[in-house]
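Engineer: predicted model and sequence follow; I will ask about them next.
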Amino acid sequence: MHTNLESPIIVALDTQDLAEAQNWINALRGEISYFKLGLEFYLKHGASGIDSLKRTTDFNLFLDLKLHDIPNTVSGAVQSIASLNPVFLTVHASGGREMIKAAVAESLRNQLMTQITAVTVLTSLSKEDTEELGWQQEISNIAVNLAKIAQIAGAKAIVTSPKEVRKVREALGENINLITPGVRLLDKNNSNINLVDDQKRVMEPKYAINEGANFLVIGRPITEKAKISISAMVDAAKEINDSLV
């Protein structure tokens with residue numbers, strides 16, 4: 001069984017409630033050491049809210065802001081969250097090479113250990129969605145191209161769907177972290193019990209790891225169990241950790 005230090009799971013804390021986020025972190029720290037906080041939480045509580053969580057219970061922060069703006073603005077945004085020193089900080093790869101380079105340079109200037117993490121194609125997008133946006137290539141080719149640009153610009157981690165992670169790994173090599181959202185457990189009948197949400201390109205955890213992922217972002221399959229009980233939520237995290245053996 002994986003311990004919390006070995007677990008590749010990053011739990012997405014999809015809540016705007018500060019106390020609830022704290023309770024989830026406290027309960028899961030025996031199994032999980034990486035937690036993701038996103039735009040909704042940040043806009044409501046700001047850096048001070050995240051800092052209060054980290055002061056109460058130390059954890060590895062995945063700050064998922066998906067920065068996407070001109071290079072100077074993104075550089076300033078990285079500087080503004082420097083005190084949080086996240087392990088991962090997301091930017092959109094589609095922001096381009098210079099934007100990513102600006103984020104990386106600002107992180108280095110602040111002597112952060114942060115890995116600037118480039119998001120390729122959102123897992124909520126289908127082939128029809130990308131074609132509507134004018135992206136005529138296959139999604140896997142788009143993801144690989146964006147990942148290559150990001151790596152050249154200095155990004156140390158890439159977010160990509162598990163459906164594209166093998167091609168991205170083959171293109172980028174081993175010296176970069178690949179992080180995959182869109183990971184779901186199957187029920188005993190091998191039907192995906194979590195497909196009725198906004199994730200369209202999904203895969204089971206163990207398969208995503210086998211395809212080349214270093215980390216798995218998993219939210220609702222774990223945190224929704226808290227509606228039953230905190231122990232049910234912890235059991236869900238243990239189940240996924242066990243499935244990776």
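Structural biologist: Looks like it arrived, so ask away. Numbers count the residues shown, from 1 in each chain.

Engineer: which residue would you name as the spatial centre of this structure?
Structural biologist: V217 (5.0 Å; C-alpha atoms, centre = their mean).

Engineer: list the residues that contact that residue.
Structural biologist: 10, 12, 36, 62, 159, 179-181, 183 (C-beta atoms under 8 Å, 6 or more residues apart in numbering). Quick note: C-beta positions are derived from backbone N, CA and C, even for glycine.

Engineer: wait, is it part of a strand?
Structural biologist: Yes. Assessed by DSSP: H, G, I helix; E, B strand; the rest coil, V217 belongs to a strand.

Engineer: T90 versus that one, what's the distance?
Structural biologist: Distance of V217 to T90, computed by C-beta to C-beta, to the nearest Å: 10 Å.

Engineer: check T223 too.
Structural biologist: Taking C-beta to C-beta, one finds T223 at 19 Å from T90.

Engineer: which of those two has more neighbours?
Structural biologist: The neighbour comparison of T223 against T90 (other C-beta atoms under 10 Å) goes to T90, with 26 against 21.

Engineer: what's in contact with the helix or strand hosting the more buried one?
Structural biologist: Element membership for T90 (DSSP states H and E) is strand 88-92. Residues outside strand 88-92 that contact it (C-beta under 8 Å, 6+ apart): 10, 61-68, 74, 78, 81, 99-100, 103, 107, 114-119, 155, 157, 159, 177, 179.

Engineer: mean confidence score for it?
Structural biologist: With pLDDT averaged residue by residue, strand 88-92 scores 98.

Engineer: same thing with stretch 47-62?
Structural biologist: Computed over stretch 47-62, the average pLDDT equals 94.

Engineer: perfect, that will be all.
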